[in-house]
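Peer 1: I would like to see how this sequence folds:
(2 chains)
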2 protein chains.
Amino acid sequence: MNELIDHRIRRSWAAEGSGSAPLPAKALKWLRQRIGPVTPGVNVRPDSALEVPPSRLEETVKQQLFDLVGTKYVLLDGSERLARAGGLSYLDLLRRRLAEELPVPDAVVLPADPDEVQAVVDACVRHDVGLVPFGGGTSVVGGVAALRGEKKAVIALDLARLDTLVSVDPLSRIAVLRAGVRGPEAERLLGEHGFTLGHVPQSFERATIGGFAATRSAGQASSGYGRFEDMVSGVRLATPRGEWRLGVAPASAAGPDLRQLAVGSEGALGVITEVALRVRPKPSASRYEGWVLDGWEAGSAAVRRLAQRHVLADVTRLSDVDETEVSLALNSGWKTSALRGYLKARGVKQPCLLIVGWEDGSEAEVRARRRRTVAALRCAGALRIGRVLGDSWRRGRFSGPRQRDVLMDHGVCVETLETAAHWSKLSELRDVVRAALTASLGPVIVMCHVSHAYETGASLYFTVLAARDDVDPIGQWRRAKAAASEAITGLGTISHHHAVGVDHAPYLAAEIGSLGVEVLRAAKAAVDPTGILNPGKLI
Amino acid sequence: MNELIDHRIRRSWAAEGSGSAPLPAKALKWLRQRIGPVTPGVNVRPDSALEVPPSRLEETVKQQLFDLVGTKYVLLDGSERLARAGGLSYLDLLRRRLAEELPVPDAVVLPADPDEVQAVVDACVRHDVGLVPFGGGTSVVGGVAALRGEKKAVIALDLARLDTLVSVDPLSRIAVLRAGVRGPEAERLLGEHGFTLGHVPQSFERATIGGFAATRSAGQASSGYGRFEDMVSGVRLATPRGEWRLGVAPASAAGPDLRQLAVGSEGALGVITEVALRVRPKPSASRYEGWVLDGWEAGSAAVRRLAQRHVLADVTRLSDVDETEVSLALNSGWKTSALRGYLKARGVKQPCLLIVGWEDGSEAEVRARRRRTVAALRCAGALRIGRVLGDSWRRGRFSGPRQRDVLMDHGVCVETLETAAHWSKLSELRDVVRAALTASLGPVIVMCHVSHAYETGASLYFTVLAARDDVDPIGQWRRAKAAASEAITGLGTISHHHAVGVDHAPYLAAEIGSLGVEVLRAAKAAVDPTGILNPGKLI
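Peer 2: Residues are numbered from 1 along each chain as shown, chains lettered A, B, ... in the order given. Coordinates of the predicted model:
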């Protein structure tokens, strides 16, 4: 068995499980002061309590799948199926901890290449079996839940074996990667040719190229490298109507850009098997540092200034006052005390931490670009606080999901959500989302940061902590999420980079119009007339 | 009558007609040496020879349109209808000169605002009348030909009265403009608020905001300001299924980007009535200059270097050896002679002219950006030849279509076509298109330039001159265009910025797949179930 297939019964982000890594006593005390008493581990049931229903796949279908991809690449084992039952949202993890009923696929199928993917898709059409494309399984919006829809059976199509670099065009700086390549492996493969993709979302360690494309992912360095859709030069999809390839030129006026229909299609319009991506030379230098602005308005104005003057650092991440406060509280020590003293002496009343990082380019280029960013930051009244916080952020850049596991172990309701809006609406959007979460959850910590900035607006990323309601923990978050989503609607987008999945589907029509939903349905009917692809997602 | 409605029986680009502006004797002599004898004016027939068929619009429909937009905004006059019979391609102009049968609309309707547009669309649905959105009428691919398709009657929906700036959000740098605003008026309206759009295609003087969006236009300063689709933050469309609005945030992962389906939809998915656009501060400085590289390969490598190092000038335009030769031949004088001497002394055997221009920013910013471009150009072996040719290009930047009129008066078959490809295929693409045109047309001048460069590739823009075949002038160009289009297919896009219209429709399936065409048809069926919108275009 391919060593990439390392999924466990995923009750946590880390493949190895989070165990019961203790939260520092000081942090726990501080948390309790803010959100009230928390009760670790109530209701957590053992793995054995998880029920795996028998596979509903008919024998003839199983046999066909064996023939198409090889017997050992059709997994019928309970724990393998359970591992592809869903993604890694708070509710996904909670359901597993509570041993709730899960949408378990009837088989896990691992084709070797795009042709085998097409053959599996064709088989699913013939037998009217649902098919959920499964990459890193890191969706936090229900995007990989193995829902059956109206089908009798559903398979998880795991793309782990599509793990190669197909080609590199160094002159055009385009590399074709198969859909199952994970973030670190993509960097390793491209690195051998002197290139980088520069796409580093928090899910980087597990998520795949196909998943990045299917969800319109945005990485932490999106200000420098662009969103994933900006990198996509071409896509190859397996659809019930046959193979579909898009993208022959750097830009085109040959009608609507259908690549932008495939990108973000979340497995509902086809299984993405290969992606042609714009790559860049591997950077020879990088630099991270921290700055502080006094208050949210000053902070967001500074980031806007950088974006509108085209001097954003590759990574640009502004925390609001609450998130900054939590960062400092959790990083207490003499350096933090010294920082607090320094900020007080400089008259900063409401510190907002800004992390800026440069990754793209040679040492001289990084230096030159940093100079331009720093000049604009000084004009905006930012205070430089040195490289320590920058480097510490970089070290911990992928640790968020693991911290969530630990907090869940301690009985905390902890989740993130995100949106984006134009600059003129950004503060209002932040206010209404905070208010909605607070009204719904009671004593709560709501942290917010901007991590993706554009000339016309920016993203907002919220982290929410509350004491878990152990009577109805799922309902508790569902209500909070609904309140936040309703607050977002009309002011911003329902998702800046987490995608639609199941969780955001009810809010899509408000954003793209009922006509937009009908257009997507029509496109789906054209490529997937019997509706086998990722039932119940997106639309 | 609104003063914007100044269309004549358009036999030429200029509203006032090109008259018989003489070509300098020297240029004509030179042309004849290259392409053989040309015969001015053969077959050109008087205006009165143009036939305007009676309007097929039923009286009840006329009456409804009178009621909806006012009697004076429903034009039934022959010359007004004739003026909206098509666009401004070589074949469009030729057909008018030859008094061929034209696709004349049965009425020209001029609604006042988006609501009136919606009402006219609704009326067309009720009465099953085709509707062709008409902006500046500058399509060179048949995009505004008043084809009836299967409808008994068709109207031209002229958007000239949708000529206002709706709103400006200075913080987010977004302005909403109505679809009928032309290039210069857009700049004037935005200029009052201190902003610019920076979109200056060759059609700038006549073309409209709605047309730019409908065709995925790219302006001459696209390297700095981006393609039009990069500027579009939101769109408002009138469709047979009602109004459709898209675009709430600077970026989104809420499913596929449907704005990119509306942009480039060429009137087939709705009438674009308003566009929300990213704007930038009006520049306070600009600078244009000329450089020379030795040969096409060195020239395109230099532009690639600029694009991949992110130091492109806002305007970056590289002519191949033939285009450079023509520029110099037509600009003969002591300065040109001095330039030839200088290039010879420097050992430049095959001069390729590169025009670079900076428009975006303050004087200090332009200076700083120019420094970075110049450093990269010097590394690429480019020779600076000063500002004269740069400024002369800028003065004549919109004159191409007028020159075409003059050449047509002299019996020259003259047209342009364009494509784009990845860097590794660019030279091959240029070669095969040149070969196809030469094989089809015989003695020919084929000039080529790159005017839009990206990290992964660039556009190619060809200008073709041959002696007109006065026995079958239309067939002559049709065959040449078909040969060029077939040469492009598989290597590049069938259109980088002219769009699909009628002329490129046969090649669309090869580019986006038959599945892509079916997806577009499905989207159209969802928004326009009876197919009234721009019959026969795009798909």
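
Peer 1: Is the closest residue to chain B within the stretch 51-200 of chain A inside a helix or a strand, and which specific one?
Peer 2: In the stretch 51-200 of chain A, the residue found nearest to chain B is A:S172; the distance is 3.8 Å by CB to the nearest CB. C-beta here means a position set from N, CA and C on the backbone, and glycine is covered the same way. Following DSSP states H and E, one finds A:S172 outside all helices and strands.

Peer 1: what does A:G513 give?
Peer 2: Here A:G513 sits within helix A:505-527, counting by DSSP H and E.

Peer 1: what is the mean pLDDT for that helix?
Peer 2: Taken as a whole, helix A:505-527 has a mean pLDDT of 98.

Peer 1: next one: stretch A:296-316
Peer 2: 97.

Peer 1: and it, how far out from the chain's middle?
Peer 2: Averaging C-alpha positions (CA atoms, centre = their mean, to the nearest Å) puts stretch A:296-316 23 Å from its chain's average.

Peer 1: buried ones in that stretch?
Peer 2: Buried positions in stretch A:296-316, judged by neighbour count with 16 or more other CB atoms under 10 Å in any protein chain shown: A:296, A:298-300, A:302-316.

Peer 1: that older thread, for the helix holding A:G513, packing partners?
Peer 2: In terms of contacts (3 or more CB pairs under 8 Å, 6 or more residues apart in numbering or on different chains; DSSP states H and E), helix A:505-527 is packed against helix A:473-488, strand B:242-246, helix B:505-527.

Peer 1: Identify whichever of these lies nearest to A:Y73.
Peer 2: A:Y73 lies closest, by CB to CB, to one member of those: helix B:505-527, at 27.2 Å.

Peer 1: what's around the closest residue to the residue of the stretch 51-200 of chain A closest to chain B other than its chain neighbours, how many residues?
Peer 2: Once flanking residues are discounted, A:S172 sits nearest to B:H422: 3.8 Å by CB to CB, 6 or more residues apart in numbering or on different chains. When counting by other CB atoms under 10 Å in any protein chain shown, one arrives at 25 neighbours for B:H422.

Peer 1: what pLDDT does the residue of the stretch 51-200 of chain A closest to chain B get?
Peer 2: pLDDT, read off for A:S172, is 98.

Peer 1: for the one 10 residues further on, same thing?
Peer 2: We note a pLDDT of 98 for A:R182 in this prediction.

Peer 1: where does the closest residue to it other than its chain neighbours fall, phi/psi-wise?
Peer 2: By the measure of CB to CB, 6+ apart, the closest residue to A:R182 outside its immediate chain neighbours is A:T208, 5.4 Å from it. Main-chain dihedrals, A:T208, degrees, to the nearest 10: phi -120, psi 160.

Peer 1: for A:R97, same thing?
Peer 2: Backbone torsions for A:R97, taken as degrees, to the nearest 10, come to phi -60, psi -40.

Peer 1: close enough to count as contact, it and A:P46?
Peer 2: No: with contact defined as CB atoms under 8 Å, A:R97 does not reach A:P46; the gap is 10.2 Å.

Peer 1: what about the two, which has more around it?
Peer 2: Per other CB under 10 Å, whichever of A:R97 and A:P46 has more neighbours is A:R97, with 20 against 7.

Peer 1: measure that one to A:E266 for me?
Peer 2: For A:R97, the distance to A:E266 equals 26 Å [CB to CB, to the nearest Å].

Peer 1: Now name the helix or strand holding A:D405.
Peer 2: helix A:400-409.

Peer 1: ranges for the strands of the stretch 101-250 of chain A?
Peer 2: A:107-109, A:130-134, A:154-158, A:165-169, A:174-178, A:195-196, A:232-239, A:242-246 (DSSP state E, counting those that start in this stretch).

Peer 1: possible to save those as JSON lines with mean neighbour count and distance to A:R468?
Peer 2: Formatted as JSON lines, the strands of the stretch 101-250 of chain A follow (neighbours: other CB atoms under 10 Å in any protein chain shown; distance: least, CB to CB, whole Å):
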{"stretch": "strand A:107-109", "mean neighbour count": "25", "distance to A:R468": "31"}
{"stretch": "strand A:130-134", "mean neighbour count": "28", "distance to A:R468": "28"}
{"stretch": "strand A:154-158", "mean neighbour count": "28", "distance to A:R468": "29"}
{"stretch": "strand A:165-169", "mean neighbour count": "17", "distance to A:R468": "43"}
{"stretch": "strand A:174-178", "mean neighbour count": "24", "distance to A:R468": "40"}
{"stretch": "strand A:195-196", "mean neighbour count": "22", "distance to A:R468": "40"}
{"stretch": "strand A:232-239", "mean neighbour count": "25", "distance to A:R468": "39"}
{"stretch": "strand A:242-246", "mean neighbour count": "19", "distance to A:R468": "44"}
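
Peer 1: out of those, which comes closest to A:D503?
Peer 2: strand A:130-134 (15.5 Å).

Peer 1: Could you pull up the mean pLDDT of that closest one?
Peer 2: Mean pLDDT, computed over strand A:130-134, is 98.

Peer 1: With stretch A:342-350 instead?
Peer 2: Average pLDDT, stretch A:342-350: 95.

Peer 1: pLDDT weak spots in the stretch 1-150 of chain A?
Peer 2: Residues of the stretch 1-150 of chain A meeting the criterion pLDDT under 70: A:1-22, A:41-43.

Peer 1: go again using 80 as the cut-off
Peer 2: Scanning the stretch 1-150 of chain A for pLDDT under 80 picks out A:1-23, A:41-44, A:47.

Peer 1: Which positions in the stretch 201-350 of chain A make contact with chain B?
Peer 2: Proximity of the stretch 201-350 of chain A to chain B, by CB under 8 Å from any CB of the partner chain, involves residues A:215-218, A:227, A:229, A:233, A:239, A:241-242, A:244-246, A:248-258, A:260-266, A:269, A:278, A:280, A:304, A:308.
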